Every structure is written in C-alpha cells, then in structure tokens.
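Build me a model:
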Amino acid sequence: MGVNRRTLLAASALGAAGLARPSLAQSTAPAAGRGSGEVVVCATGGLMERSLQEHFYRRFEQEQGIRVRSIPIELPDQWARARAGQRSGNIPFDVVTATPPDLIQHADILAPVDCATPAMTQHALPGGCFPTGIIRTAGGMAITWSRKAFPHGGPANWADFFDTAKFPGPRSLPDTGDREWWLPLAALMADGVPRDKLFPMHLDRAYRKLDAIKPHVAAWWKSGDNSMQILRGGDAVMSVLYSSRAVPLAKSGEFDFTWNGAIRDVGNWAVLKGGPNTANAMRFLEFFVQNPREHLPFSEKVSFDSNNRETAALVPEAERRYRASWPENWDRLVIADYEWVAANRNAMRERWVNWLTR
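Numbering: from 1, shown residues only. Predicted coordinates for the structure are as follows:
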C-alpha cells in the first residue's frame, strides 16, 4: 500500500489535547509471551541512541527476550546500505529511521505495518501509525540564538533570522545530507511567502534569499552534537537546530529559541522488507508505543515528543514550553508537503550541493 500525503499529514499532526487516555496500568503491561533471537535497529548516534538504549532497547530485551542490535548510522548511509541490500538479497537491518519523505521515496522496500493491532489502537498517538511505519519522535527545526549576543530578545521569525542588520553576527546552518529542503523552505518564509503558498516551492526565489545569507554563515553543522558545539563555542550567535538540541540549550539559560515558523521534524520507525528478523521488528514497533512512564523521561532527554498517547497527561506545566506537540507550540510549526518534497528530492539535493560548494 502506498503512503499518500493525507496519511503523512495526519501522522504529523499529533496534538496534545483531546486524546483518549487508557489507564497507565493497562499501558505498562508488556506484550504477552516472550520471543527469541534479535532485531537490528538503526538510529542516529549520540543522545538519541543512548536514550533509546536506556528506555526501550534494554527493556525490550528484558521483557521480550529479544536482543536489540543497535546500529548508529546517519540517514544517507542507512538508505544507501538498505538499497544495496535489497539489490543483493542481503538486507542488513530490520528497523530503520525514516523521515516523512523517506516513507514515500522508499515505500517499495518497506514492509506494511498493521495499524489495527491493540497496541497501536490503544497506545499510539492518533495518526501515529501508517501503512509503512510509525512515528518515533516529533519536534521542529527551530531558530536558536545566544542570549549574550541578543540580551533584549532574539529573532521572532525567519525574516529576522535573515536580517543581519537588525540581528548582526555569524550564523550556523545545517548541511546534514538528508534535509535539502529545510533551508529553501526557511528562505521562502523569510522572503515573505505565506504558509499556504510555500508549495510547490519556488526554488529560484529561495536560492536568491539564501545567496544573501550565505556570506554570514560561519559554520555548516553535520550533526546535532555539532550544532550545539558551534553555538557553545561562540562560532555563531544564531542557528537553526533540531528542537532536541535547542531545548537543552535554552534550559541552560545561555540560549533561547522559538517554535514560531519551526519546520515540523518527524522521525519515524519503518521495517525493511525481507529483513533478517521481520517478525521481531514488528514486535519492537508494538512494544515501543506502550508504557508512558518510559516515554516521558525519554522525551525529556531527547527533547522530542514520542509516540504514546498517555504521555501528554503526565507532562509538568513547566515543561510545556519545551514540548513541540503542546497545542500552542504545535500550531506555530510549519509542515511540508512531503509528497512534493519526495518527488523533487533528487533535483533539490543536486541544486543544494552545487550551491553550497560554489
């Protein structure tokens, strides 16, 4: 079954209000029976992998009797190896990390997910399961700045971010190899394009705006940890960061961020067709959406929301400012047209690389 835009938009629109909340006692019960063997799970390294290990992988091993073999890997390498494995008949992984455009672009090599199981219907977020995967984490790509550089308040939107006269100082921007549409989208917003007119993207207009900011970019970050190091080291006074990095920086008191205009950043789990442990992989997905008392500290650590409907009721009031899916934050985020992005991704990647290297 294909993944259409309506399905993905529904999956991204988490919302924290009005969710049906089964009892916590019900949601913490492990799936019946114990399995055997292993499951090979891919995720980016660093904080994300450590937190997944602490709150999900080890517990899955203990409660389900199935070993988790974790592979820290960046998305471009993951998909290259997955595609090579499909061609050779030697699939290297079971569970992979996928962006929403990935679920469209790579749908032919992804196994169907049953969203009608009790685990998914009772515990996953509404819209958190779809034909080829489930939501793992949700946040936003947020403008983040140094309070020391801007003691009277930082940028309120993308127009401010691109305004180096009003907000002087070096910028840092992402070049991660897997989100070549982020910055052109931000550039269009900075140039005054309203949200409902962002797609199809006017790339010539976007790159004219990017040309204006490029001389002020002191560093291009490659990973979440790298993005934080650049700001902490003072190499830039302003950047666009994963909310998982912007939130801990803001909590330190030295930096701040805004959800306004942040680009919704949804990470998904998907299962490769013909992988070495497909049954265990599906079991892992069902396990993952359960137990809000693990999702709450996991979400606090990675500063992303995660896929469990009971967790919203447990979020302390002081933490709501940092939660992407809290309604007043979620409504300020911008969601991409993933179908358009997937259809134009290769051309956008080529244009991005040519622009960045010239």
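
Could I get the full set of strands for the stretch 1-150 of the chain?
38-43, 67-72, 95-98, 129-130, 133-146 (DSSP state E, counting those that start in this stretch).

In a markdown table: those, plus mean neighbour count, mean pLDDT and distance to residue 60.
Glycine gets a C-beta too; all of them are placed from N, C-alpha and C. Shown next, in a markdown table, are the strands of the stretch 1-150 of the chain (neighbours: other Cβ atoms under 10 Å; pLDDT from 0 to 100; distance: least, Cβ to Cβ, whole Å):
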| stretch | mean neighbour count | mean pLDDT | distance to residue 60 |
| --- | --- | --- | --- |
| strand 38-43 | 24 | 96 | 8 |
| strand 67-72 | 16 | 96 | 6 |
| strand 95-98 | 27 | 97 | 11 |
| strand 129-130 | 24 | 90 | 18 |
| strand 133-146 | 26 | 95 | 14 |
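
And those: which comes nearest residue 173?
Ranking these by proximity to residue 173 (Cβ to Cβ) places strand 133-146 first, at 10.4 Å.

Okay, now the sheet partners of that closest one, with direction.
Here strand 133-146 is paired, per DSSP bridges, with strand 129-130 (antiparallel), strand 238-242 (antiparallel), strand 255-271 (antiparallel), strand 305-306 (antiparallel).

and the angle for the third one with strand 38-43?
Looking back up the chat, that one is strand 255-271. Interaxial angle of strand 255-271 relative to strand 38-43 (axes from the mean of the first three to the mean of the last three Cα atoms, to 10 degrees): 150 degrees.

who touches the residue nearest to residue 67 when sequence neighbours are not counted in this structure?
Residue nearest to residue 67 in three dimensions, not counting chain neighbours: residue 38, with 4.0 Å by Cβ to Cβ, 6 or more residues apart in numbering. Taking Cβ atoms under 8 Å, 6 or more residues apart in numbering, we find residue 38 in contact with 66, 67, 68, 69, 277, 280.

follow-up on the earlier one: export the strands paired with strand 133-146 to TSV and append columns for distance to residue 103.
Shown next, in TSV, are the strands paired with strand 133-146 (distance: least, Cβ to Cβ, whole Å):
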stretch	distance to residue 103
strand 129-130	8
strand 238-242	19
strand 255-271	6
strand 305-306	18
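
between these, which one is nearest to residue 153?
Closest approach to residue 153 among the strands paired with strand 133-146 is made by strand 255-271 (8.4 Å; Cβ to Cβ).

I'd say residue 285 and residue 112 touch.
No. Between residue 285 and residue 112 there is no contact under Cβ atoms under 8 Å: 11.7 Å.

For the two, work out which one has more neighbours and name it.
Set residue 285 next to residue 112 and count neighbours by other Cβ atoms under 10 Å: residue 285 wins out with 24 against 13.

May I have the phi/psi pair for that one?
Main-chain dihedrals, residue 285, degrees, to the nearest 10: phi -60, psi -40.

If you count contacts, what does the helix or strand harbouring residue 341 end up packed against?
Counting by DSSP states H and E, the element that carries residue 341 is helix 338-357. Applying 3 or more Cβ pairs under 8 Å, 6 or more residues apart in numbering; DSSP states H and E, one finds that helix 338-357 makes contact with helix 5-12, helix 100-105, helix 182-190, helix 203-213.

Show residues contacting that helix.
Residues outside helix 338-357 that contact it (Cβ under 8 Å, 6+ apart): 4-5, 8-9, 100-101, 103-105, 175, 180-181, 183-184, 199-201, 203, 207, 210, 220.
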